[in-house]
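Participant: My questions concern the predicted model and sequence given below.
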Amino acid sequence: MTNLSGVTIVAVHAHPDDEAIWTGGILASLAHRGANVVVVTCTLGEQGEVIGEPFADLVADRADQLGGFRIRELQDSLSILGARGVFLGGAGCWRDSGMAGDKANDHPRAFINSGDPAVEQLKEILRETPPHIVITYGPDGGYGHPDHIRAHEITHQAIEELGFGSPILWAVTDRHRLEEGLNAIDVPTAPGWRRAEPGEIASVTSYDIEIRLTDFALATKVAAMKAHPTQLWIADGQVNATNPQAAFATTTDVDKAPFVFALSNLIAQPVLRYEHYQLGTSVTSASQENILAMVAGELEAPKERG
């Protein structure tokens, strides 16, 4: 196992829970190997829905207290991952924009309206913690969420304007692995859960890096996901103060789908044993290639799948 002491990784995410869902495995592994892992979160996720009745009224169109609640969830997740967190511009500077067309898009502090100030705020963070590798989403934000797209935009603009040349990785979901996982899981019997329709979960057919998570990285990722109970429901029978209802799911292949989870839409999804990344920037120097290979653990040739 390569010691990554002295290597700094910066992940730029849109909302609390994205760090765990999209990149929890790699961040846990990097921190465990000694890297300085910094997670920049751009909003408090105020427009999210809530799983579980006890805190259901925290949502934006009722008490509008969900953002503050999610700060603690994020803190718990980052502690589990071994990462340090910072909010872009400070906690509450930018507000969750909601999905495209949502009335929250028009809020003056909506992240999609952040303009140059958000880029300058990210540049300030990057100057303080110059990254060897930056992790965020691709141009479509992974699944089209406006805040994810905006996170992609400010990340690339900040790195370009600073002239750092740090490789940028885009977190993606591989379609082949996803379909394998979906075929291996059963839908929990708890009310509201359902199976995904074909193509309903966003995925890609190509990637540059495939990382098979160790048992440690997988367990840490799942624990970090569980730290966001208002947003995630792991179907392993556990209950908590946020969601006192249990869900149980089975899988026919624990390598393809070791766990089953759902977001607030209650679409059953596999927690995959793998994480996938696309190169958002070209890697030209030998030192960058070396760091990238160390970070990946196992750097495979790009894959094309239909």
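Facilitator: Structure received.

Participant: any idea where the helices of the stretch 1-150 of the chain begin and end?
Facilitator: For the stretch 1-150 of the chain, applying DSSP state H, counting those that start in this stretch gives helices covering 18-32, 66-81, 115-128, 146-162.

Participant: What are the neighbouring residues in contact with residue 285?
Facilitator: Counting by CB atoms under 8 Å, 6 or more residues apart in numbering, residue 285 makes contact with residue 165. Glycine gets a C-beta too; all of them are placed from N, C-alpha and C.

Participant: can we see that at 10 Å?
Facilitator: Neighbour list for residue 285: 165, 167, 291 [criterion: CB atoms under 10 Å, 6 or more residues apart in numbering].

Participant: And the pLDDT at the first one?
Facilitator: The score at residue 165 is 89. That number is its pLDDT.

Participant: Helices along the stretch 151-300 of the chain, start to end?
Facilitator: Taking DSSP H, counting those that start in this stretch as the criterion, the stretch 151-300 of the chain carries its helices at 175-184, 215-226, 286-296.

Participant: how about low-confidence regions in this protein?
Facilitator: Residues of the chain meeting the criterion pLDDT under 70: 1, 287-288, 296-306.

Participant: One more pass at 90, please.
Facilitator: Scanning the chain for pLDDT under 90 picks out the ranges 1-4, 165, 189, 208, 281-306.

Participant: before we move on, back to that, and the helices of the stretch 151-300 of the chain: which comes nearest residue 103?
Facilitator: Evaluated over these, closeness to residue 103 peaks at helix 215-226, with 29.0 Å, by CB to CB.

Participant: and the angle from the closest one to helix 66-81?
Facilitator: For helix 215-226 against helix 66-81, the angle by axes from the mean of the first three to the mean of the last three CA atoms, to 10 degrees is 170 degrees.

Participant: So for helix 215-226, what gets flagged as buried?
Facilitator: 217, 218, 219, 220, 221, 222, 223, 224, 225, 226 (16 or more other CB atoms under 10 Å).

Participant: can you redo those as TSV with distance to residue 252?
Facilitator: What follows is the buried residues of helix 215-226, written out as TSV (distance: CB to CB, whole Å):
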residue	distance to residue 252
217	23
218	18
219	21
220	25
221	21
222	19
223	24
224	26
225	22
226	23
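
Participant: and which of those is nearest to residue 238?
Facilitator: Ranked by distance to residue 238 (CB to CB), the buried residues of helix 215-226 are led by residue 226 at 7.5 Å.

Participant: burial count for the nearest residue in space to that closest one that is not next to it in sequence?
Facilitator: The shortest distance from residue 226 to any residue other than its chain neighbours is 5.7 Å, reached at residue 234 (CB to CB, 6 or more residues apart in numbering). Using other CB atoms under 10 Å, residue 234 has 19 neighbouring residues.

Participant: any idea how far residue 41 is from residue 234?
Facilitator: Separation of residue 234 from residue 41 (CB to CB, to the nearest Å): 21 Å.

Participant: ranges for the strands of the stretch 151-300 of the chain?
Facilitator: Remark: strands assigned in the stretch 151-300 of the chain by DSSP state E, counting those that start in this stretch are 168-172, 206-207, 209-212, 233-234, 259-262, 269-271, 274-279.

Participant: can you tell me which residues contact residue 159?
Facilitator: 10, 12, 122-123, 126, 131, 134, 136, 165-168, 280-281 are the contacts of residue 159 under CB under 10 Å, 6+ apart.

Participant: Among these, name the buried ones.
Facilitator: 10, 12, 122-123, 126, 131, 134, 136, 166-168, 280-281.

Participant: show me the contacts for the residue lying closest to residue 33 once chain neighbours are set aside.
Facilitator: With CB to CB, 6+ apart as the measure, residue 4 is the residue that lies nearest to residue 33, at 4.5 Å, once sequence neighbours are left out. Listed by CB under 10 Å, 6+ apart, the contact set of residue 4 reads 29-37, 132, 291, 294-295.

Participant: Let me know the closest of the buried residues of helix 215-226 to residue 194.
Facilitator: residue 225 (19.7 Å).
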